[in-house]
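Asks: Here is a sequence together with a model predicted from it:
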Amino acid sequence: MVLNYIWIAFFLIAFVVAVIQTLFYGNLTIWTDIMNSSFASARTAFEISLGLTGVLSLWMGLMKIGERGGVIAFFSRLISPLFTRLFPGVPKGHPAMGSIFMNVSANMLGLDNAATPLGLKAMQELQELNPKKDTATNAMLMFLILNSSGLCLIPLGVMVYRSQMGAANPSDVFLPILIATFIATLVGLIAICLKQGINLLDKVILGWLGGLTLAVGCMVWYFSSLSQDKMQLYSSFVANSALFSIITGFLIAGFRRHINMYETFIEGAKDGFKTAVTIIPYLVAILVSIGIFRASGAMDFLVDGISAAVAWCGLDTDFVGALPTAIMKPLSGSGSRGMMVDAMSTYGVDSFVAKVAATVQGSTDTTFYILAVYFGSVGVRKTRYAVSYALLADFVGAVAAILVSYIFFK
């Protein structure tokens, strides 16, 4: 229901802003820009879904092999002590536990192409436990918050963009992103646990959170001692070698159990293809509304208003140029990347604004894209409090990214 109101609001706000631009600024081309944006966004939504078809087919085929080979069950048992507390509605040893673990792991390694199909697989398995098929369960909401907060230990994508733009040290945003994304995930997790009545003082939860905090701290310490080239080399090695090791493990497990891996892969790949087709209408709906909102000039009005408010409060406004990236991040992944690249081009790739934009880009994931794709893939329409808690994580991540950037780059 909340998503419905937000979707309508995008259209209404865009219409009001377009009228204002026409009447007060004489901008008669704004209506053409809006309609062109709607067509372009619809095409983008289809292209994203088309691009996901191959990736979904690949990973759902591999997941099917891993499931029948017993690997998913192994991961379920491995993570069971923590996940049985965070997902009390999911039976112990259920395949969803392994899929959730795989998805979260892929996100942490910065492997978006692998994380999405793994996440869709997890949502399908959670939907099997859902007594009300059109309403999100607590387990689904917990999973969505973990995804939208976007804990990413290795932000390869952002560093690649900085490298392509000619940054003197493309990896200098590595540690700020790591700190910001960890804060966003921690706050989002604590908030959703409090909402769902999960005991945060449980020894297992405290142990895992403490261990993760220690691991992040060790990564900050270790990578801060590396040169730029070694940081990029080691982070890329860890992410991709871990992923390929998992794929190899799936195949070995399938071979040991004497399953027909080719036929099993084809069976899973067919499910991936069906899922990719299913999410097209949901992506079209959300991306068109966001495109219209942006094309109308509403985004510019919002940024200008925030800039004026910050200046009125007597605060430093050097970060304001990065706000379009922060505002666009929950709405559109491609849009926020475009804003980040625009900040790099406008202010210089090694400018403070560009570094803030890069840190913001890596701090969280794309909330509305995740909501549209994940809930849309299983037909969930009533998302309950998913939007508000996901946006809370987004807000915390953006604020943390700005503050951390001041510490590292000012």
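Replies: Looks like it arrived, so ask away.

Asks: rest of the way, CA atoms for contacts and neighbours
Replies: Fine.

Asks: Helix or strand with the lowest mean pLDDT in the protein?
Replies: helix 156-164 (a mean of 77; mean pLDDT, DSSP states H and E).

Asks: can you count the residues close to the residue lying closest to Arg256 once chain neighbours are set aside?
Replies: Nearest residue to Arg256, sequence neighbours excluded (C-alpha to C-alpha, 6 or more residues apart in numbering): Gly69, at 7.7 Å. Around Gly69 there are 23 other residues, counting by other C-alpha atoms under 10 Å.

Asks: Now do Gly69 against Ile154, distance only.
Replies: Taking C-alpha to C-alpha, to the nearest Å as the measure, Gly69 falls 29 Å from Ile154.

Asks: circling back to that earlier point, packing partners for the least confident helix or strand of the chain?
Replies: helix 228-256, helix 352-363 (3 or more C-alpha pairs under 8 Å, 6 or more residues apart in numbering; DSSP states H and E).

Asks: Now do the buried residues in it.
Replies: Of the residues in helix 156-164, 156-159, 161-162 count as buried by neighbour count, 16 or more other C-alpha atoms under 10 Å.

Asks: Same list (these) but as a markdown table, adding distance to Val387.
Replies: Shown next, in a markdown table, are the buried residues of helix 156-164 (distance: C-alpha to C-alpha, whole Å):
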| residue | distance to Val387 |
| --- | --- |
| Leu156 | 27 |
| Gly157 | 25 |
| Val158 | 25 |
| Met159 | 29 |
| Tyr161 | 29 |
| Arg162 | 31 |
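
Asks: Return the member of the residues you listed nearest to Gly210.
Replies: Leu156 (25.3 Å; C-alpha to C-alpha).

Asks: show me where the stretch 151-300 of the chain has helices.
Replies: Counting by DSSP state H, counting those that start in this stretch, the stretch 151-300 of the chain has helices at residues 156-164, 174-196, 203-223, 228-256, 261-278, 280-295, 298-312.

Asks: need those in CSV with distance to Thr22, can you?
Replies: Below are those laid out as CSV (distance: least, C-alpha to C-alpha, whole Å):
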stretch, distance to Thr22
helix 156-164, 37
helix 174-196, 40
helix 203-223, 51
helix 228-256, 49
helix 261-278, 38
helix 280-295, 14
helix 298-312, 13
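
Asks: So for Ala401, which of these sits nearest?
Replies: Using C-alpha to C-alpha, the nearest of the helices of the stretch 151-300 of the chain to Ala401 is helix 174-196, at 5.1 Å.

Asks: Counting by contacts, list what that closest one packs against.
Replies: helix 138-149, helix 203-223, helix 352-363, helix 386-409.

Asks: so what's the residue most central in space within the chain up against?
Replies: In the chain, the C-alpha nearest the mean C-alpha coordinate belongs to Asp365, at 2.4 Å (C-alpha atoms, centre = their mean). Counting by C-alpha atoms under 8 Å, 6 or more residues apart in numbering, Asp365 makes contact with 147-150, 329-330, 333, 394.

Asks: Can you pull out the low-pLDDT segments for the protein?
Replies: 1-3, 109-114, 156, 228, 231-232, 235-236, 239, 334 (pLDDT under 70).

Asks: Now do the buried residues in the longest helix along it.
Replies: Looking across the chain with DSSP state H, the single longest helix is helix 30-68. Across helix 30-68, burial judged by 16+ other C-alpha under 10 Å covers 30-31, 33-35, 37-38, 40-42, 44-46, 49, 52-53, 55-68.

Asks: Okay, angle between it and helix 228-256 too, please.
Replies: 50 degrees (axes from the mean of the first three to the mean of the last three C-alpha atoms, to 10 degrees).

Asks: helices and strands around helix 30-68, which ones?
Replies: Using 3+ C-alpha pairs under 8 Å, 6+ apart, helix 30-68 sits against helix 2-25, helix 71-86, helix 112-127, helix 228-256, helix 261-278, helix 280-295.

Asks: try 10 Å
Replies: helix 2-25, helix 71-86, helix 95-108, helix 112-127, helix 228-256, helix 261-278, helix 280-295 (3 or more C-alpha pairs under 10 Å, 6 or more residues apart in numbering; DSSP states H and E).

Asks: Output the third one as CSV, nothing but the C-alphas.
Replies: Read it as helix 95-108. The C-alpha coordinates for helix 95-108 follow below in CSV (Å, rounded to 0.1, in the frame of the first residue of the first chain):
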residue,chain,number,x,y,z
PRO,A,95,16.3,-24.3,1.9
ALA,A,96,15.4,-20.6,2.2
MET,A,97,18.1,-20.3,4.8
GLY,A,98,20.8,-21.4,2.5
SER,A,99,19.6,-19.1,-0.3
ILE,A,100,19.5,-16.1,2.0
PHE,A,101,23.0,-16.8,3.1
MET,A,102,24.2,-17.1,-0.5
ASN,A,103,22.5,-13.8,-1.4
VAL,A,104,23.9,-11.9,1.5
SER,A,105,27.4,-13.3,0.8
ALA,A,106,27.2,-12.3,-2.8
ASN,A,107,26.1,-8.8,-1.8
MET,A,108,29.0,-8.5,0.7
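
Asks: So Leu283 is in contact with Thr44, correct?
Replies: Yes - contact criterion C-alpha atoms under 10 Å: Leu283 and Thr44 qualify, at 9.0 Å.

Asks: Spit out the contact partners of Met261.
Replies: 61-62, 64-66, 68-69, 250-251, 254-255, 267 (C-alpha atoms under 10 Å, 6 or more residues apart in numbering).

Asks: Give me the neighbour count for Tyr25.
Replies: 10.

Asks: Roughly how far does it sit from Gly268?
Replies: 55 Å.
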